[in-house]
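J.: structure for the following, please:
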Amino acid sequence: MATEFNPIFLFVLVAIGMSISMIIATHLIGPKQSSAVKQMPYESGMDPIGDARQRFDVRYYLVAIVFLLFDVELLYLYPWAVAQWSVDTTVAVASATPGGGVVETAPISPAVSAAGVPEDFRNLVFGEILVFVAILAAAYAYAWKKGVFEWR
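T.: Alright, predicted model coming up:
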């Protein structure tokens, strides 16, 4: 039983060893000079001006939420697109004749055929996704009308 987990333990040991060796190498090889410029706070390539605890405008958060909304939409659409048009449950088998005609259809293994949406439900699932996209389009239009995307 222990031999089944040996590759995992070896991987964990190598990862720990590499991280410790990088930390040690950074402290041994890295520059050690300190100056006032190096100790100064640095933010996004600009010198910080004012207090670091200042409030952000609410529009920043609205744009971030709208971005997350449409990002999550894509997380739902990709698996649906893969499952919607997956392989059928049968495949054509070609003959060994020089013409290469189709002889018969053979079933695919259950593991492969169970991956997609059944043929009977594809139109229903497609309609549900259209409703989902329509709701998101309405949310996008509402956000646009409210001026979420305009920086004043």
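
J.: tell me which helix or strand Asp51 sits in.
T.: Secondary structure here is read from DSSP states H and E; on that basis Asp51 sits in neither a helix nor a strand.

J.: tell me, how many residues neighbour it?
T.: 7 (other C-beta atoms under 10 Å). C-betas here are computed from N, CA, C, even on glycine.

J.: may I have the phi/psi pair for Val148?
T.: The phi/psi pair for Val148 (degrees, to the nearest 10) reads phi -60, psi -30.

J.: distance check, the residue nearest the centre of the chain against Leu69.
T.: Among the residues of the chain, Leu75 comes closest to the average C-alpha position under C-alpha atoms, centre = their mean, at 6.8 Å. Separation of Leu75 from Leu69 (C-beta to C-beta, to the nearest Å): 11 Å.

J.: and if you look at Val37?
T.: When distance is defined by C-beta to C-beta, Val37 is 41 Å away from Leu69.

J.: what's the answer for Gly116, then?
T.: As judged by C-beta to C-beta, Gly116 and Leu69 stand 27 Å apart.

J.: over to Gly147?
T.: Between Gly147 and Leu69 the distance is 16 Å, computed by C-beta to C-beta.

J.: helices of the protein, start to end?
T.: Using DSSP state H, the helices found in the chain span residues 6-29, 36-39, 58-84, 110-113, 122-145.

J.: where does pLDDT dip in this protein?
T.: Residue ranges of the chain with pLDDT under 70: 1, 42-48, 52, 56, 85-115, 152.

J.: one more pass at 50, please.
T.: Low-confidence segments of the chain, defined by pLDDT under 50, are located at 91-95, 111-113.

J.: of Gly116 and Leu69, who's got more company?
T.: Set side by side, Gly116 and Leu69 show more neighbours around Gly116, with 16 against 13, by other C-beta under 10 Å.
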